[in-house]
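*Asks:* Have a look at this prediction, sequence included:
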Amino acid sequence: MMSDQPFKVELDTNKMILVFGDQKAGKTSLVGTAPKDFRVHIIDTDGGWGPAKRLALHRGIDVDKLWTRVYPKTFKELHVALWSLPPEKDLYVLDTFTTCMKLFKSSVQPGIQETDWKKVGGKVSGLAIDYFDHFRRQVAIQNAWGLVLCQDKLKEVSPEVERLCPDLVGASGRDAAGMVAHLLHYERLREVTTVDGKKVPVWKRVLRTEETVGCMAGDRSDALAKPHEEADLELIINKITNAR
């Protein structure tokens, strides 16, 4: 079990990746593209890791040997999962941090009564950013990679502009985005290819690396292609590593 004592030195947290996108878009499958020899630990609050596992098996990864998974269903279980990461892993995955908001809320406001977000939202947001920061620092202690998956939402930034951002409560979405080196939006691009002489539309899964008026994104390493990078975690990790 890792220590929860105060951190006395600043750690390199530049190996943290936050990917956000629409529900059921295929974000979890990104885990299945991790380097084949990586020891992966997944904190799975959604229970939807099947696509990632199938992709990993298809790529020849020994999932039973290299991957571990916990499935917290209560705030207490989530606390243990986030605060005491197992050591000696190469990649730690949190899927999804958006769902964690419900468990944070259950600790702030037990029961099923109607939520007064003016009273509860600030507390949930505070918990979210505290746990996010601790998670990324624990990952850094292991000199590992961290992958946090979130859903996306449209947030009004001016009377005329809405922007896609990580779907976290209150200011925690903005704060979490500022605490990672790689903020990537999961998207699908329509392309046209030729099959047997006929043009056929295909959908390609990509990650936005460059911010637009309508979408938050950014890559501090400047190693990834712009405005999109292929949704391949092994490729992304290799590019970032080689750019150092």
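*Replies:* Arrived safely, thanks for sending. Here the structure is a predicted model, which means the values were calculated and not measured.

*Asks:* all strands of the chain, in order?
*Replies:* 16-21, 40-44, 67-70, 91-95, 145-158, 161-166, 182-195, 198-208, 218-219, 228-230 (DSSP state E).

*Asks:* Redo the ones you listed as a markdown table? Include mean pLDDT.
*Replies:* Converted to a markdown table, the strands of the chain look like this (pLDDT from 0 to 100):
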| stretch | mean pLDDT |
| --- | --- |
| strand 16-21 | 96 |
| strand 40-44 | 97 |
| strand 67-70 | 96 |
| strand 91-95 | 97 |
| strand 145-158 | 92 |
| strand 161-166 | 92 |
| strand 182-195 | 86 |
| strand 198-208 | 86 |
| strand 218-219 | 96 |
| strand 228-230 | 96 |
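
*Asks:* Throw the ones you listed into JSON lines and include distance to residue 176, thanks.
*Replies:* Where C-beta positions appear, they are placed from N, C-alpha and C, glycine not excepted. Formatted as JSON lines, the strands of the chain follow (distance: least, CB to CB, whole Å):
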{"stretch": "strand 16-21", "distance to residue 176": "6"}
{"stretch": "strand 40-44", "distance to residue 176": "15"}
{"stretch": "strand 67-70", "distance to residue 176": "21"}
{"stretch": "strand 91-95", "distance to residue 176": "11"}
{"stretch": "strand 145-158", "distance to residue 176": "8"}
{"stretch": "strand 161-166", "distance to residue 176": "6"}
{"stretch": "strand 182-195", "distance to residue 176": "9"}
{"stretch": "strand 198-208", "distance to residue 176": "17"}
{"stretch": "strand 218-219", "distance to residue 176": "13"}
{"stretch": "strand 228-230", "distance to residue 176": "20"}
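
*Asks:* Residue 82 is nearest to which of those strands?
*Replies:* With CB to CB as the measure, strand 40-44 is the member of the strands of the chain nearest residue 82 (6.8 Å).

*Asks:* Each with direction, which strands does the closest one pair with?
*Replies:* strand 67-70 (parallel), strand 91-95 (parallel) (DSSP bridges).

*Asks:* Ignoring the adjacent residues along the chain, who's closest to residue 19?
*Replies:* Spatial nearest neighbour of residue 19, excluding adjacent residues (CB to CB, 6 or more residues apart in numbering): residue 184 at 4.9 Å.
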